[in-house]
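Colleague: model this:
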Amino acid sequence: MDTPQQIKAFFETNGYYLARGLFQPAEIAALEKEFDFIIGELARAGDIDNTQWTGELQKKIGGEKSMITHTHNVQCFSAAWLQACQAKAFLDVTEAILGPDIILHHTKLFQKPRENGMPFTMHQDWSYFPSVKDTMIAGIIHVSPATDEMGCLRVYPGSHKLGRAARTGGQEPSALLEQYPLEQATVVEAQPGDVLFFHYFTLHGSKHNRSNQLRKTVLVQMHAGDDQIEDKNYHPNVRLVLRGRNHCMTRHVANSL
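Modeller: Here you go, the predicted structure:
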């Protein structure tokens, strides 16, 4: 494992960092069991959201004819996933990037189906939940392997330095996104237990899952404790302190949660 200083330096230069083997095989086996339990609960309740992202660019890469299963806030389904977000190894890497105060914004489960699992056009995440100081990062916990054939994440190293650039979320054409085609992005393959951290300015996307395996990931979205979400927020904002303190919390907000 790299030192905190090495992690921070790589992240600041590239806008992402892949932490290998952050969760041990036994830990991932238990988390996969809980992952499958969540999928089963969604199916039992008739609540499977086999989403199709729309938009001109998504249609262009075949996204309107493919599916992905997802839900927010896995920690509301399973204590094991809350514990995963609080795991020391996970938070140690997060702290190297964000500092000692770490706030959970939301989590999201993604199951990309076999053979035609939905791709994602190249995009930035900031427009969905902008934060005042732009400290927001994601940590993707890989429950299954994620190969290029399975539609693993692709990134443009250093693209986080563009700042708030792609305002469409990647679904509609933009002059900027034409300069960053999905096909030329850096492929980041991962194994179960690996965690891919990236800044919400980093341009990223993924191709179809063309394999015969399910691609299973849980994304953990976090920001620094001296940052807070702007009014324009399209995702749950749980405001859970994973480490340290929330320096922007008020009695009114705490009472409303």
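Colleague: Is the spatially closest residue to residue 155 that is not a sequence neighbour bridged to anything, and to what?
Modeller: Leaving aside its chain neighbours, residue 155 sits nearest to residue 204 (4.7 Å; criterion: Cβ to Cβ, 6 or more residues apart in numbering). C-beta coordinates here come from the backbone N, C-alpha and C atoms, glycine included. Residue 204 has these beta-bridge partners by DSSP bridges: residue 123, residue 155.
Colleague: Can you name the residues that contact residue 204?
Modeller: 16, 120, 122, 123, 124, 125, 153, 154, 155, 156, 185, 198 (Cβ atoms under 8 Å, 6 or more residues apart in numbering).
Colleague: measure it to residue 186 for me?
Modeller: 10 Å (Cβ to Cβ, to the nearest Å).
Colleague: Spit out the residues that contact those two alike.
Modeller: Listed contacts common to residue 204 and residue 186 are 154, 155, 156; contacts here mean Cβ under 8 Å, 6+ apart.
Colleague: want to try TSV for the residues you listed, with neighbour count and distance to residue 85 as columns?
Modeller: As requested, the shared contacts of residue 204 and residue 186 are exported to TSV (neighbours: other Cβ atoms under 10 Å; distance: Cβ to Cβ, whole Å):
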residue	neighbour count	distance to residue 85
154	21	25
155	25	22
156	22	27
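Colleague: Among the residues you listed, which one sits closest to residue 1?
Modeller: Lowest distance from residue 1 to the shared contacts of residue 204 and residue 186 (Cβ to Cβ) belongs to residue 155, with 20.8 Å.
Colleague: Local confidence estimate at the closest one?
Modeller: pLDDT for residue 155: 98.
Colleague: again, but for residue 119
Modeller: Looking at residue 119, its pLDDT is 83.
Colleague: Pull up the gap between it and residue 208, please.
Modeller: 5 Å.
Colleague: ok, now residue 10?
Modeller: 29 Å.
Colleague: Please apply the same query to residue 39.
Modeller: Using Cβ to Cβ, residue 39 is found at 20 Å from residue 208.
Colleague: Comparing the two, which residue is more hemmed in?
Modeller: residue 208 (21 against 18; other Cβ atoms under 10 Å).
Colleague: Any buried residues in the host helix or strand of residue 13, and which?
Modeller: For residue 13, the host element (DSSP states H and E) is helix 4-14. Buried positions in helix 4-14, judged by neighbour count with 16 or more other Cβ atoms under 10 Å: 7, 8, 10, 11, 14.
Colleague: now do stretch 199-216
Modeller: By 16+ other Cβ under 10 Å, the buried positions in stretch 199-216 come out as 199-209, 211, 213-216.
Colleague: Send over it as PDB, restricted to the C-alpha atoms.
Modeller: Taking Å, rounded to 0.1, in the frame of the first residue of the first chain, the C-alpha atoms of stretch 199-216 are listed here in PDB:
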ATOM      1  CA  HIS A 199     -12.900  13.400  -7.800                       C
ATOM      2  CA  TYR A 200     -16.400  14.500  -9.000                       C
ATOM      3  CA  PHE A 201     -14.700  16.700 -11.700                       C
ATOM      4  CA  THR A 202     -12.800  13.700 -13.200                       C
ATOM      5  CA  LEU A 203     -14.300  12.800 -16.500                       C
ATOM      6  CA  HIS A 204     -15.400   9.100 -16.400                       C
ATOM      7  CA  GLY A 205     -17.600   6.600 -18.100                       C
ATOM      8  CA  SER A 206     -17.900   3.000 -19.000                       C
ATOM      9  CA  LYS A 207     -18.800   0.700 -21.900                       C
ATOM     10  CA  HIS A 208     -21.300  -2.100 -22.000                       C
ATOM     11  CA  ASN A 209     -20.900  -5.300 -20.000                       C
ATOM     12  CA  ARG A 210     -20.300  -7.600 -22.900                       C
ATOM     13  CA  SER A 211     -19.300 -10.600 -20.600                       C
ATOM     14  CA  ASN A 212     -21.400 -13.400 -19.200                       C
ATOM     15  CA  GLN A 213     -20.700 -12.200 -15.600                       C
ATOM     16  CA  LEU A 214     -22.600  -9.600 -13.500                       C
ATOM     17  CA  ARG A 215     -20.600  -6.500 -12.700                       C
ATOM     18  CA  LYS A 216     -21.300  -5.600  -9.000                       C
END
